[in-house]
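[1] Here is the input, now give the coordinates:
(chains A, B, C and D)
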Number of protein chains: 2
Amino acid sequence: MMTDLDHFLSTLKQSGMRITPQRRAICRYLSQTEAHPTAAMVYNELKPEMPSLSLMTVYNTLNTLEELGAIHAIGQAGDEAVHYDTDTEPHVNVICTACRKIIDVPSKKIDALKREIETKSGYRLHNTRILFEGLCPDCQKKSS
Amino acid sequence: MMTDLDHFLSTLKQSGMRITPQRRAICRYLSQTEAHPTAAMVYNELKPEMPSLSLMTVYNTLNTLEELGAIHAIGQAGDEAVHYDTDTEPHVNVICTACRKIIDVPSKKIDALKREIETKSGYRLHNTRILFEGLCPDCQKKSS
DNA sequence: ATTACTGCAAAAGATTTGCACTAGG
DNA sequence: CCTAGTGCAAATCTTTTGCAGTAAT
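    Here you go, the predicted structure:
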């Protein structure tokens, strides 16, 4: 079976990029996390087990992976920094304005929306970023 | 007739905020522009006619207007800074990856998508940010 | 052996903060 | 009059750049 980790690594290799221990660690983290991490989050998670890792390498690797289309930048989620999404299929990101949790929600409606916008605007679309903000079930309970 | 400018100013006033010449100028610019400006763009546009204006006041005012819901931040559009949108109705922003032009496109499908996501996720949604990236008609011609 | 990658330090760019002065209500 | 707003300078935070040493292929 082809794991997500293998997918990331072979994407790098096929583009002529070298597989370094740092990149391997970053890809492994990305393939295992449910979060939508920022560069700083990746760095803080991996730093303990790889003290030599520098934040700059994290930025480099995330940029490279994004250019190769293996991950997507979903922009700042109401906060400071750019969050990344390892799910590259069109889907909706939903973020809780209270606890900042981000989840992915698929929808069959996205494709039709994209085609409608393409027709109406005349643009040829190749990237989709849909973000809803709201209160997650947990935070709804807490606030009531 | 209630102009957009009046709308912005009365929103400020009703929240107990003072109407200063700077805020009036910023609101006037926002009500007249077709662009999706960043703070720096607003500043550069108004600086010639109001040399005393400071970038900081622009940030303050845009933040205030956003908190009041009069404008929306649409996040960085692939580039550096946060762009603002004076259209607060749910709609799609489409940005050209070549010339960076941003247009608004309405769609009746957004409401159904939002309801679907609300049902599937359990989140109570209150903000919508939909961004498509692609090539605008002009840039398609140029590249062919 | 090459050449790309890493990591440090410093830079760049956007946004925020502290504070004295000014002016809107 | 009194408080909020302004504008300056400096701080902060994220991200990028320059460069010498290091390591992947």
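[2] Would you indicate which residues of stretch A:92-99 are buried?
    Using 16 or more other C-beta atoms under 10 Å in any protein chain shown as the test for burial, stretch A:92-99 gives A:Val92, A:Asn93, A:Val94, A:Ile95, A:Cys96, A:Thr97. C-beta coordinates here come from the backbone N, C-alpha and C atoms, glycine included.
[3] OK, contacts around the third one?
    By that I understand A:Val94. A:Ile102, A:Ile103, A:Asp104, A:Val105, A:Leu131, A:Phe132, A:Glu133, A:Gly134, B:Ile117, B:Ser121, B:Tyr123, B:Leu125 (C-beta atoms under 8 Å, 6 or more residues apart in numbering or on different chains).
[4] separation between the closest residue to A:Met17 other than its chain neighbours and A:Lys108?
    Spatial nearest neighbour of A:Met17, chain neighbours left out: A:Thr64 (6.4 Å); criterion: C-beta to C-beta, 6 or more residues apart in numbering or on different chains. Note on A:Thr64: its distance to A:Lys108, by C-beta to C-beta, to the nearest Å, is 32 Å.
[5] More neighbours: these two, which one.
    Each of A:Thr64 and A:Lys108 has its neighbours counted (other C-beta atoms under 10 Å in any protein chain shown); A:Thr64 has more, 17 against 8.
[6] Quick check: that one touching A:Gly16?
    No: between A:Thr64 and A:Gly16 there is no contact under C-beta atoms under 8 Å: 11.0 Å.
[7] Contacts for the helix or strand encompassing A:Thr57, please.
    In the assignment (DSSP states H and E), A:Thr57 maps to helix A:55-67. Helix A:55-67 is contacted from outside by A:8, A:11-12, A:17, A:22-23, A:26-27, A:30, A:39-40, A:42-43, A:46, A:71-73, A:84, using C-beta under 8 Å, 6+ apart.
[8] From the contact counts, what lies against whichever helix or strand comes after that helix?
    As assigned by DSSP H and E, the chain's next helix or strand after helix A:55-67 is strand A:72-76. Applying 3 or more C-beta pairs under 8 Å, 6 or more residues apart in numbering or on different chains; DSSP states H and E, one finds that strand A:72-76 contacts strand A:82-85, strand A:124-135, strand B:72-76.
[9] and the shortest one, does that touch DNA strand C?
    Just to be clear, that refers to strand A:82-85. No: Strand A:82-85 is not in contact with DNA strand C by C-beta under 7 Å from any atom of the strand; minimum separation 12.1 Å.
[10] and that strand, what does it pack onto?
    Checking 3+ C-beta pairs under 8 Å, 6+ apart, strand A:82-85 ends up next to strand A:72-76.
[11] least trustworthy helix or strand in chain A by mean pLDDT?
    Every helix and strand of chain A was ranked by mean pLDDT, DSSP states H and E. The lowest is strand A:72-76, at a mean of 85.
[12] Using PDB, write down the CA coordinates of it.
    Extracted C-alpha coordinates of strand A:72-76, given in PDB (Å, rounded to 0.1, in the frame of the first residue of the first chain):
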ATOM      1  CA  HIS A  72      -2.200  23.300  -0.200                       C
ATOM      2  CA  ALA A  73      -1.900  26.600   1.600                       C
ATOM      3  CA  ILE A  74      -5.200  27.500   3.000                       C
ATOM      4  CA  GLY A  75      -4.200  31.000   4.000                       C
ATOM      5  CA  GLN A  76      -4.400  32.500   7.400                       C
END
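[13] For B:Ser52, see how far away the residue nearest the centre of chain A is.
    Closest to where the C-alpha atoms of chain A average out (C-alpha atoms, centre = their mean) is A:Asp85, at 1.2 Å. Distance, A:Asp85 to B:Ser52, using C-beta to C-beta: 43 Å.
[14] now do A:Asn44
    Taking C-beta to C-beta, one finds A:Asn44 at 43 Å from B:Ser52.
[15] same thing with A:Arg115?
    Where B:Ser52 is concerned, A:Arg115 sits at a distance of 49 Å (C-beta to C-beta).
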